[in-house]
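A.B. asks: Build the 3D model from these lines:
(4 chains)
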2 protein chains.
Amino acid sequence: MELEERNKKVLQAVIDSYIASGAPIGSSVLAKRFNFGVSSATLRNIMADLEELGYLTHPHTSAGRIPTDQGYRYYIDSLISIENDSEEFDDQLRQVPQLHGDDLKILMEEASQFLATLSHCAGVVVAPSEPESIYKHIEFVRLRGRQVLIVFVTTTGIVQNKLIDLDEAIRQQDLNRFSTYLDEELEHGTLSEVRQRLLKKLEEEKQVFVRLMEETYRASQEVQEQTSEKVYIGGTSQIFESPEFATVEKMKALLRAFEDKYTLLKLLDRSVAAQGIKVFIGSENPYFEMQECSMVVGSYQVGNRVVGTLGVIGPTRMQYRQVIHVVDYTSRLLSKLLGERFQRSIER
Amino acid sequence: MELEERNKKVLQAVIDSYIASGAPIGSSVLAKRFNFGVSSATLRNIMADLEELGYLTHPHTSAGRIPTDQGYRYYIDSLISIENDSEEFDDQLRQVPQLHGDDLKILMEEASQFLATLSHCAGVVVAPSEPESIYKHIEFVRLRGRQVLIVFVTTTGIVQNKLIDLDEAIRQQDLNRFSTYLDEELEHGTLSEVRQRLLKKLEEEKQVFVRLMEETYRASQEVQEQTSEKVYIGGTSQIFESPEFATVEKMKALLRAFEDKYTLLKLLDRSVAAQGIKVFIGSENPYFEMQECSMVVGSYQVGNRVVGTLGVIGPTRMQYRQVIHVVDYTSRLLSKLLGERFQRSIER
DNA sequence: ATTAGCACTCTCTGGCTGTGAGTGCTAACG
DNA sequence: CGTTAGCACTCACAGCCAGAGAGTGCTAAT
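C.D. replies: This next block holds a predicted model:
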């Protein structure tokens, strides 16, 4: 459905004003603030039309207009211009602590704070999902006694490790041979594929390494469970600054939603299949507690592979233009940083 | 100041009732619910006395009495009986997911949730502070190329590790010799002491290992920074269930306080010098945002050494008897689990 | 010392009213 | 026919008042 040019302008003006002020917009205010060259009566007619089409509504008879979810949708799809207001954004960027976490978990936390501070919403980052990251190299290290440290290196540059006890001592040489063997067999699969192949090998081989192989399989499982898809939320208090969440009930509901990280995870992960920023407005969110919120979601990559998602959760009345820019910027930034990490972590 | 026996009983009854109901207690209700054998008028006189002494107050002229912070203090120091209501507690315990985290970070998270669920307050756990944990053993592992993995094992059973790049290749044999050498030199100090000694050694030695030593020193620094004294907060939404935080302003203030983990950390750490449970009531808290809260704080140990603190933050009107029991139980539990971890992690 | 009784205080709730913002409709206008 | 001015109407909101209820503090009697 295509709107008349003038009606578009009015819709945009209403939404812009509402985002800025948070109060319903009346016809007279609109006529005064913007220069449409028509009277408030005409604006009233236009707004009535827009309401009929489902883009606007009003909370009660004698109040001004506010956008519906559908209105926001149209606004984002057709009206918003994502020119990068670089000067302004760069200014803000300079105010904010930069990302430099060496440890992955710290980096994730920093990123969620980064998103929150710049967007004035809650920032969410889903850590690289190990099942998707590519197995790079495995190493067995004989510690004292019968203990062996298994070290996994994957595309995301994570050195995950797991200490195991063996029944009998084993020579480092043998461990090295085993490691080389596994590297050749398992080359370049994702971690989940590698686990599948390990399982298959386990059935085939009836050799001295069976016990070690078993332990390796078990360890790969644990590594996956422990690190995969953890959710980092930063700046939850930001979101409560906006007056739409200024009731105790809404705050509590939202807090509970944030604590239920697992659901949040599924929500974000399902939202982003590929690259690019997506916006989910109010009722478009499947998750009940989020129905008064909007999410702006993106993903980050290592190489060409999407390894995790990140985004922002805030009131439907958010500064979409700016927030989209922030999420986009952060996802590129994180991809870049993880890329560098990875370069540093692969050997030779 | 010692109170008359009867006045003590009245004070206890008022506080118990207030904790249970949350509403100010009037003289007639008190006379009805408890069997003091005196009339409401007498209770009025007694309550007026208790108010004069600073144990009670009332929000306005025609309201019932509520405890002051001083009243709570007296209640906890003199009136409360910590008999373990084992049957009841055990029942609750069975309802709650148990701790079994293998990874330290996961264990800490679980513990904070555990505290929160059982106490209906926010649960806080400060991770073992590495500077205080005892250095046990160091291991150098030559990976492929010129990379070396430095593995630290400490009393808390943590296997922290750090990947470094060396300028020149080095043989594993030499690494082993170096490791043995360091183990002898550094035996049984805390991590911070070990770092001091490393620094000293660095100045003395002018050998082939200088470069490696430098890297080891740097790594020990990073390990300390990364893992030490992280704060885990669980069940923040629990605390908002109680009506005293049912205003938006208070909720926001508290949320901000929770986000400022560093201050929280100092607060908790300073609170607990040695073993045992401590209670901080309302204005006894140095930190402004916490002035309407109480904290129940304890510590956990590995061996005989206190390595971290844990506790609960909730409204001043909390179920002290139960909460103290929960914190006590959890601190023992965590000490036990970390002890086992440690046993498993030391070699031979 | 304890108690009964009573006046007093203060909060809380519900109803009532006036105000202001903003709409929808109608009739006039270019 | 689109636009505009004007006006009646609606509704949320703040302020005010009165009545109810809870509980105290004081006094006088036991």
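A.B. asks: Please make it C-alpha for all contacts and neighbour counts, starting now.
C.D. replies: Fine.
A.B. asks: now the stretch 1-150 of chain A, which segments are flagged as low pLDDT?
C.D. replies: A:1-2, A:82-86, A:101-103, A:129-137, A:143-147 (pLDDT under 70).
A.B. asks: where along it do the helices fall?
C.D. replies: A:5-21, A:27-33, A:40-52, A:69-74, A:86-95, A:104-119 (DSSP state H, counting those that start in this stretch).
A.B. asks: hey, which helix is longest across chain A?
C.D. replies: helix A:320-345 (DSSP state H).
A.B. asks: for it, which positions count as buried?
C.D. replies: A:320, A:322-328, A:330-331, A:334-339, A:341-342, A:345 (16 or more other CA atoms under 10 Å in any protein chain shown).
A.B. asks: so who does A:V272 touch?
C.D. replies: A:278, A:297-299, A:309 (CA atoms under 8 Å, 6 or more residues apart in numbering or on different chains).
A.B. asks: Of these, which belong to strands?
C.D. replies: The strands, defined by DSSP state E, take in A:278, A:297-299, A:309 from those.
A.B. asks: Show me how to select, in ChimeraX, the buried members of these.
C.D. replies: The buried residues among those can be selected in ChimeraX (16+ other CA under 10 Å) with this line:
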select /A:278,297,298,299,309
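A.B. asks: Show me what A:K278 is bridged to.
C.D. replies: A:K278 has the following beta-bridge partners by DSSP bridges: A:V297.
A.B. asks: Just give the nearest non-adjacent residue to the residue nearest to the spatial centre of chain A, would you?
C.D. replies: Nearest residue to the geometric centre of chain A (CA atoms, centre = their mean): A:L310, 1.3 Å. Excluding its sequence neighbours, the residue lying closest to A:L310 (CA to CA, 6 or more residues apart in numbering or on different chains) is A:V125, at 4.2 Å.
A.B. asks: How many neighbouring residues does the one you found have?
C.D. replies: Neighbour count of A:V125, defined by other CA atoms under 10 Å in any protein chain shown: 30.
A.B. asks: Smallest distance to DNA strand C belongs to which residue of chain A?
C.D. replies: A:G26 (3.4 Å; CA to the nearest atom of the strand).
A.B. asks: Hmm, that residue is touching A:S62, no?
C.D. replies: No - between A:G26 and A:S62 there is no contact under CA atoms under 8 Å: 9.3 Å.
A.B. asks: Please say which of the two ends up with more neighbours.
C.D. replies: Using other CA under 10 Å as the criterion, A:G26 and A:S62 rank with A:G26 on top: 19 against 8.
A.B. asks: got a list of what the more buried one touches?
C.D. replies: Here A:G26 is in contact with A:63-65 (criterion: CA under 8 Å, 6+ apart).
A.B. asks: In TSV: those, plus neighbour count and distance to A:S21.
C.D. replies: Shown next, in TSV, are the contacts of A:G26 (neighbours: other CA atoms under 10 Å in any protein chain shown; distance: CA to CA, whole Å):
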residue	neighbour count	distance to A:S21
A:A63	13	15
A:G64	21	12
A:R65	26	12
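A.B. asks: Could you report the distance from the residue of chain A closest to DNA strand C to A:G64?
C.D. replies: With the distance defined as CA to CA, to the nearest Å, A:G26 ends up 4 Å from A:G64.
A.B. asks: that older thread, out of the helices of the stretch 1-150 of chain A, nearest to B:D183?
C.D. replies: Set against B:D183 and scored by CA to CA, the helices of the stretch 1-150 of chain A come closest in helix A:104-119, at 29.3 Å.
A.B. asks: SS state for A:F280?
C.D. replies: strand (DSSP: H, G, I helix; E, B strand; the rest coil).
A.B. asks: Just list the residues touching A:K261, thanks.
C.D. replies: A:V231.
A.B. asks: Look up the closest residue to the residue of chain A found nearest DNA strand D, ignoring the ones flanking it.
C.D. replies: Closest residue of chain A to DNA strand D, CA to the nearest atom of the strand: A:V38 (3.6 Å). Ranked by CA to CA, 6+ apart and with sequence neighbours excluded, the top spatial neighbour of A:V38 is A:A31, at 7.3 Å.
A.B. asks: can you pull the contacts of that neighbour?
C.D. replies: Contacts of A:A31 (CA under 8 Å, 6+ apart): A:38-40, A:43.
A.B. asks: Same check on A:I233?
C.D. replies: A:109, A:112-113, A:122-125, A:258.
A.B. asks: Adjacent strands (with direction) for the host helix or strand of it?
C.D. replies: Using DSSP states H and E, A:I233 sits within strand A:231-234. Strand A:231-234 pairs in its sheet with strand A:122-126 (antiparallel), by DSSP bridges.
A.B. asks: okay, the angle between the partner strand and helix A:104-119?
C.D. replies: For strand A:122-126 against helix A:104-119, the angle by axes from the mean of the first three to the mean of the last three CA atoms, to 10 degrees is 150 degrees.
A.B. asks: Now strand A:122-126: buried residues?
C.D. replies: Of the residues in strand A:122-126, those buried (16+ other CA under 10 Å) are A:122-126.
A.B. asks: Could you count how many residues lie near the closest residue to A:G298 other than its chain neighbours?
C.D. replies: In space, and not counting its chain neighbours, A:G298 is closest to A:I277: 4.6 Å by CA to CA, 6+ apart. Using other CA under 10 Å, A:I277 has 17 other residues around it.
A.B. asks: And for A:T61?
C.D. replies: Neighbour tally, A:T61, other CA under 10 Å: 8.
A.B. asks: next one: A:S179
C.D. replies: Neighbour tally, A:S179, other CA under 10 Å: 18.
A.B. asks: Apart from its chain neighbours, what residue comes closest to it?
C.D. replies: Per CA to CA, 6+ apart, closest to A:S179 is A:E139, 5.7 Å.
A.B. asks: Likewise for A:S283?
C.D. replies: Nearest to A:S283 is A:Q291, by CA to CA, 6+ apart, at 4.8 Å.
A.B. asks: A:G282 is in contact with that neighbour, correct?
C.D. replies: Yes - counting by CA under 8 Å, A:Q291 touches A:G282, with 4.6 Å between them.
A.B. asks: neighbour count winner among those two?
C.D. replies: A:G282 (25 against 16).
A.B. asks: related to what we said a few turns ago, please report the distance of the residue nearest to A:L310 from A:F178.
C.D. replies: 37 Å.
A.B. asks: Please state the mean pLDDT value computed over the helix or strand hosting A:L198.
C.D. replies: Under the criterion DSSP H and E, the helix or strand holding A:L198 is helix A:191-204. If you average the pLDDT over helix A:191-204, you get 71.
A.B. asks: how far away is A:Q322 from A:Q70?
C.D. replies: For A:Q322, the distance to A:Q70 - CA to CA - is 20 Å.
A.B. asks: same question, A:P243
C.D. replies: If you go by CA to CA, the gap between A:P243 and A:Q70 works out to 21 Å.
A.B. asks: who's more crowded, those two?
C.D. replies: A:Q70 (17 against 10).
A.B. asks: Could I get the contacting residues of the closest residue in space to that one that isn't next to it in sequence?
C.D. replies: Leaving aside its sequence neighbours, A:Q70 sits nearest to A:Y55 (CA to CA, 6+ apart; 5.5 Å). Contacts for A:Y55 (CA under 8 Å, 6+ apart) come out as A:11, A:67-72, A:74.
A.B. asks: Noted, bye for now.
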